Each structure stands twice: as C-alpha cells, then as structure tokens.
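[1] Structure of the sequence below:
(chains A and B)
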Amino acid sequence: MDYTLQNDATLIGLVARAQADALSELFDRYNRLVFSVALAIIGDQATAGEITLDVFTRVWHRAGLYRADQAKVSTWLTIITRHLAIDVLRQQAARPEQHNVSWDEVAPNVLSTVHNPEEIMELSQRRARVRVAVAQLPADQKQVLALAYFKGYTHRQIAEMLDQPLGTVKTRIRLAMQKLRQMLQDEGGPPDKSKNALAAYNIVEEV
Amino acid sequence: MFDDTHVLELLPAYALGSLDEDEARLVADHLIGCLVCRAELGAFQMVADQLALTAPDASPPLDLKRRLVDRIPAVYPRTLAQPQAAWRRLMSRLLPAWGPVSLLLILALAVVNLSLWQRVNRLEVTTGPGGIRAIPLSGTDAAPKASGFIIVSADGHNGALVVDELLPLDPERQYQLWLIRDGQRTSGAVFSTDPDGYGGTQISAPASLFEYSAVGITIELAGGSLRPTGDKVLGGPLFNP
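    Numbers count the residues shown, from 1 in each chain, chains lettered A, B, ... in the order given. Sure thing, here's the model as predicted:
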C-alpha cells in the first residue's frame, strides 16, 4: 500500500490497526506542525521535541478513539499538543517569554508539500485564513489572546501580568474571539468540523 | 455581563480555557442543561482550535523520527503486520494500551483484594515484588464509601488507578484524576465507573509519578476539564508530600 496516497482519516484507521508505516506517514505530514505548536507554547526545543514524540506516541496507542466527524486529524493533533504542552508549562516554575508572545503572521508554510497534496493544500488555506484574521485584531487583543492560548494563563493571571484591570482583559479576550469567529465564518464558512466543544475535549482526554 | 439565563459572554474564554476556576465551574454547570450555550461554545471552540495554526514555523530535530521509532516498540509492543485474534482486537478496542494496563490492573486487583481481606483501613504504601507500589486513596464527604488505589511501576513512569464504590455518573460527566505538584494540578486520566461503582484506567503523566505529592479525583464534564471544577470525591498523598 502506498501510504502517501491515503487521506489522514484513513491513516489514523490504519494506525489503529497497528500499521506502523501509517504512523510514519502521519508523522511525516504533521511533525513540523506539532513541533511548531509545542515550541510556541513551551519555548524550548528539547521539550518541544519530547512533546512531539508524546503526541505521536499517544496517537499510536489510541488512534482507535479518533472520530473523523468531530475534528480533522490536524486539529486533533494540535489540540493534543496544546494540552500536553500547557500541562508541562504549568509544572515549570519559570515560564519563558512571559510577556513576549507574538503571533507569527507571515511565517512560511510549515507543512510538507510531498504528501497528500489535497489535504496539505486545505490545511495551508486554513492556516492562511486564521493568520489573516488574527492579523486584523488590535494589538492589545492579540496580546491577551496569545497569553491565554499559547501560555494557558487565566484572565486573572493575564491581568496581573499586564497590570491591567480584570474587566479589561476579559473584554479584550471576548472581543478577540468574537471577531475571529465572525471573520472565519465570513471567509468561506467554518474551517473545521470540530463544532462540538465537548466532543473535542473528549478526543483530547481520551487520547 | 451575561444575562440571567445563559453564560454566553463567558463562552469565548471558556473555549480558550482562560476562565478562573469559579467562572469555569459556573459555565460547566450551565452547559450540562443548555443546548444553546453548548452550540455557541462549539463555535468558539472551533475558533480556539484554529489558533494553533498561527504558531511560528519551527524545524524539529532531525532525529525525531528515529526516536519515535525507538520509543514505540518499547512503550507498547503491538504486533505489527500480523493478524490479531478477534478477542485481542476487541481488547485493543476496549483498552488500546491494554497490555501494560492490564498487568497493572491485575496487580491493582490483587492489592485491593489483599487489602480488603486484611481489612486494613489505614493509609499506607504497599510495595510489591519488583518495586511496584500501591497507594490507597480515601473518599471525601462527597463519596464517603469510595476507595481506590494508585499503582505505580518501579520506575515511576507508569501508573494505573483503580476505584471502587464510586457511583456511576450521568453521560454528561466523568471522573478526572489530578496529579498535584507544587500546588499545580495536572490531568492524569478521565474515566467512568461501571454500575457497581468499579473502574480503572491508565494514568498519563508528563513526569515521573514519583514527582507528584498528591492526587485528587473530581467530577467534571464528560471528557474532562482543563482544571478541577467539580466536587472532589477521592484523594490522598502520593510521593514527596
């Protein structure tokens, strides 16, 4: 079987049946994305590498729990990555780049171009849409959103860190998310199928 | 502010996991019975899930794939490219990491049975052959009859949880195990119990279990929470208290 021709969901199904080559192909497609997300959160190359290994190890163990109707494979992987990385982050006494989280709005595509071009293209387009949308947010909203998403801070922690009123932080996060929702919907509809948040959490924790 | 009926204005932050504990609990409780807010949360969760795609580009270490290949057979020696017996496939579906987990659960059952037989009610760590440890958990006022054990492998890198007399929850909720270190709580497992109140699961921890000082089990929304929000039902000291 030529695994490079299989779509992501099929690969996950093959991984669930202990096909190591399918995991290898999945790794080739998404290890850069997973590593990039882990590094953005954790700020340390070695730890980000370990988290990447943990993500794919978990996929190997529990691919059978993946539900294609709840999230794309790429979304599933990044959700797992974020949870693992923030867990690690919360255990660390010092957090890197506490105030210097920035959105990389012009980064080159991190995805491989040699595997399954249709899915790579689709993910690349989603990536571009999100980047454009985030770029349109006011700087103060981008800042609090990055601290919440990439560092796992709560409203209160962000308010203390930035020396801003709690209500101001709450408002900025709410406005940012509402604007992103609107912009992403305007840009060709929902970019993913993971509309059920509870289902998404299920995926993460079961994996 | 949100209105008296819904928690709509808290949902964007809930989707990000950035609410403080009291607000997260409020939202979680509300979501159980509110289809409107669940639908709204789904839309914001979709946005939150896409934010990962804005991570700056980074090149992983070149040896990462080799390390993955090295790691997987050692962690979970699945039979590659060989037909599995039906019962084994079924077990794989029921409990994908069933090999090491079943061993731990068998040990856990032995420990629990031995413990019951001896009617030992005081807290203590039992060390079995090969250095496997069994640490008892105590029920709280919310679940006074509940009991459990944390089973930890000799090297601290694997663990399992077994609980008994922990009432089964409605489908909207599950129990969640929290590993505690330096006041920080890390999710170790999400699980349910059977109609008899019995349950077990493998523990997933980013660090050696020896590094945690205590554990707690709370009631959370199905699938688990980013941090404890529900009633604590079981808990106890682990290592390095």
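
[2] and the one helix or strand residue B:29 maps to, what other elements does it pack with?
    Using DSSP states H and E, residue B:29 maps to helix B:21-32. Helices and strands touching helix B:21-32, by 3 or more Cβ pairs under 8 Å, 6 or more residues apart in numbering or on different chains; DSSP states H and E, are helix B:11-16, helix B:35-50, strand B:214-221. All C-beta spots, glycine's among them, are computed from the backbone N, C-alpha and C.

[3] Mean pLDDT per helix and strand in chain B: which one sits at the bottom?
    Least confident helix or strand of chain B, by mean pLDDT, DSSP states H and E, is helix B:86-94 with a mean of 47.

[4] ah, wrong one, I meant chain A
    Across the helices and strands of chain A, mean pLDDT, DSSP H and E gives its lowest value to helix A:197-206, namely a mean of 40.

[5] mind listing the strands for chain B?
    Assigned by DSSP state E, the strands in chain B fall at B:126-127, B:133-139, B:147-152, B:159-164, B:173-181, B:184-191, B:199-203, B:214-221, B:232-237.

[6] Quick one, which of the helices and strands packed on helix B:21-32 gets closest to residue A:134.
    Among the helices and strands packed on helix B:21-32, helix B:35-50 comes nearest to residue A:134, with 9.3 Å by Cβ to Cβ.

[7] Low-confidence ranges, chain B, go.
    B:1-4, B:73-130, B:240-241 (pLDDT under 70).

[8] Outline the domain layout of it.
    As assigned by automatic domain parsing, chain B contains the domains B:1-72, B:97-237.

[9] out of those domains, nearest to residue A:174?
    Across these, closest to residue A:174 is domain B:1-72 (Cβ to Cβ), at 4.9 Å.

[10] about what we covered before: measure how the helix holding residue B:29 sits relative to strand B:214-221, angle-wise.
    Angle of helix B:21-32 versus strand B:214-221, following axes from the mean of the first three to the mean of the last three Cα atoms, to 10 degrees, is 40 degrees.

[11] May I see the buried residues of helix B:21-32?
    Neighbour-count burial for helix B:21-32 flags B:23-28, B:30-31 (criterion: 16 or more other Cβ atoms under 10 Å in any protein chain shown).

[12] thinking again about what came up before, go through the helices and strands packed on helix B:21-32 and pick out the most buried.
    helix B:11-16 (a mean of 26; mean count of other Cβ atoms under 10 Å in any protein chain shown).

[13] Residues in contact with that helix: which ones?
    A:145, A:148-149, A:155, A:170, A:173-174, A:176-178, A:181, A:197, B:7, B:19, B:23-24, B:27, B:37, B:40-41, B:44-45, B:47-48 (Cβ atoms under 8 Å, 6 or more residues apart in numbering or on different chains).

[14] circling back: any chance of the domains of chain B in TSV, with distance to residue A:77 too?
    Below are the domains of chain B laid out as TSV (distance: least, Cβ to Cβ, whole Å):
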stretch	distance to residue A:77
domain B:1-72	9
domain B:97-237	16
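
[15] These: which one's closest to residue A:57?
    Smallest distance to residue A:57 across the domains of chain B (Cβ to Cβ): 6.1 Å, for domain B:1-72.

[16] Just give me how far the closest one sits from the chain centre.
    Offset of domain B:1-72 from its chain centre (Cα atoms, centre = their mean, to the nearest Å): 18 Å.

[17] Run a quick neighbour tally on residue 179.
    Let's take chain A. Residues lying near residue A:179 (other Cβ atoms under 10 Å in any protein chain shown) number 17.

[18] that's the other chain; I wanted chain B
    Neighbours of residue B:179 (other Cβ under 10 Å): 27.

[19] and what of residue B:67?
    14.

[20] Surely it touches residue A:56?
    No: the criterion here is Cβ atoms under 8 Å, and residue B:67 misses it with residue A:56 at 10.1 Å.

[21] ranking the strands of chain B by burial, who's on top?
    strand B:147-152 (a mean of 26).

[22] show me the contacts for the residue most central in space within chain B.
    Nearest residue to the geometric centre of chain B (Cα atoms, centre = their mean): residue B:189, 0.9 Å. Neighbour list for residue B:189: B:161, B:176-177, B:201-204 [criterion: Cβ under 8 Å, 6+ apart].

[23] Roughly how far does residue B:194 sit from chain A?
    Remark: distance between residue B:194 and chain A (Cβ to the nearest Cβ, to the nearest Å) = 17 Å.

[24] The residue lying closest to that residue once chain neighbours are set aside: neighbouring residues, count only.
    Distance criterion Cβ to Cβ, 6 or more residues apart in numbering or on different chains; nearest residue to residue B:194, sequence neighbours excluded, is residue B:168 at 6.6 Å. For residue B:168, the neighbour count with other Cβ under 10 Å is 15.

[25] ok, residue B:168 - contacts?
    Contact analysis of residue B:168 by Cβ under 8 Å, 6+ apart lists B:192-195, B:197.

[26] Confirm for me that residue B:160 is in contact with residue B:203.
    Yes: counting by Cβ under 8 Å, residue B:160 touches residue B:203, with 6.2 Å between them.

[27] Give the residues shared as contacts by these two.
    residue B:150.

[28] mind putting the strands of chain B in CSV, distance to residue A:25 included?
    As requested, these are exported to CSV (distance: least, Cβ to Cβ, whole Å):
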stretch, distance to residue A:25
strand B:126-127, 44
strand B:133-139, 40
strand B:147-152, 35
strand B:159-164, 32
strand B:173-181, 33
strand B:184-191, 29
strand B:199-203, 27
strand B:214-221, 34
strand B:232-237, 42
